[in-house]
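Novice: predicted structure and sequence below. I'll ask about it afterward.
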Amino acid sequence: MEQNRPTTGKVSLNFGLLTGAVGIVFGLMLYFADMHYERGFAVQTIQILILVAGIIVGIVQFKKMNLGFLTLSEALKVGAGVALIAGILGLVYFFFLSNVIEPDYMDNVFELGKEEAMAANPSLTEEQMDQGIEMQKKFAWISYPIILIFNIIIGLVVGLIVGLIMKKEELADE
């Protein structure tokens, strides 16, 4: 009697949605605490840990649902899939935050960056800073695919590590 086996796509979708939702809750917590401009080490570390935890839980659950079997390929697929779905949800939240919840969010980010750059480089003129900000604004869209690629790379690395640790393949019937 053949068991109904899970698919990597369905597990990736479910745990990607769950991980993305947790990331959005974290983002909302930052917003309500007025810390949504904070991009320090602690905030970024927590965001990455949320992603890594979601990937690991997704792979572990896939293995449980798959009768205790897991190939390296399946672990990589689940890892990359969870990271992709969570990344897409995170970008949708960011787009909503920066265009609906707080439409001047990006202007504020650029202004904070300008203040930091002026403090770090007092020899820069106001005109040079404004030119730099205008250039950044033109290329701000590039951050979206870069974030997705970064997420997928994290998913592949975590999937590889967890897959190597947890892999257990079925023996072929002879």
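Specialist: Done, it's in.
Novice: next one: stretch 132-142 to chain centre, how far?
Specialist: Taking the mean of its C-alpha atoms, stretch 132-142 sits 22 Å from the chain's own mean (CA atoms, centre = their mean, to the nearest Å).
Novice: okay, it in CSV with CA atoms only?
Specialist: Provided in CSV are the C-alpha atoms of stretch 132-142 (Å, rounded to 0.1, in the frame of the first residue of the first chain):
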residue,chain,number,x,y,z
GLY,A,132,24.0,61.0,-4.2
ILE,A,133,20.4,60.7,-2.8
GLU,A,134,18.9,61.3,-6.2
MET,A,135,21.1,58.5,-7.6
GLN,A,136,20.0,56.2,-4.8
LYS,A,137,16.3,57.0,-5.4
LYS,A,138,16.7,56.0,-9.1
PHE,A,139,18.1,52.6,-8.2
ALA,A,140,16.1,51.9,-5.1
TRP,A,141,14.0,49.3,-7.0
ILE,A,142,17.0,47.0,-7.3
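Novice: who's in contact with that stretch?
Specialist: With CB atoms under 8 Å, 6 or more residues apart in numbering as the contact definition, stretch 132-142 has outside contacts at 106, 110, 113, 114, 117. All C-beta atoms are positioned from the backbone trio N, CA, C, and that covers glycine.
Novice: of these, buried ones?
Specialist: Buried members of those, scored by 16 or more other CB atoms under 10 Å, are 110, 114.
Novice: taking the contacts of stretch 132-142 one by one, which sit in helices?
Specialist: 106, 110, 113, 114, 117 (DSSP state H).
Novice: so the last one touches residue 125, yeah?
Specialist: Meaning residue 117. No - taking CB atoms under 8 Å as the contact criterion, residue 117 and residue 125 are not neighbours in contact, 11.7 Å apart.
Novice: JSON lines for the ones in helices among the contacts of stretch 132-142, including distance to residue 38?
Specialist: Formatted as JSON lines, the entries for the ones in helices among the contacts of stretch 132-142 read as follows, by distance: CB to CB, whole Å:
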{"residue": "106", "distance to residue 38": "16"}
{"residue": "110", "distance to residue 38": "16"}
{"residue": "113", "distance to residue 38": "13"}
{"residue": "114", "distance to residue 38": "17"}
{"residue": "117", "distance to residue 38": "18"}
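Novice: number of residues surrounding residue 60?
Specialist: 16 (other CB atoms under 10 Å).
Novice: how about the nearest residue to it, chain neighbours excluded?
Specialist: Distance criterion CB to CB, 6 or more residues apart in numbering; nearest residue to residue 60, sequence neighbours excluded, is residue 166 at 7.3 Å.
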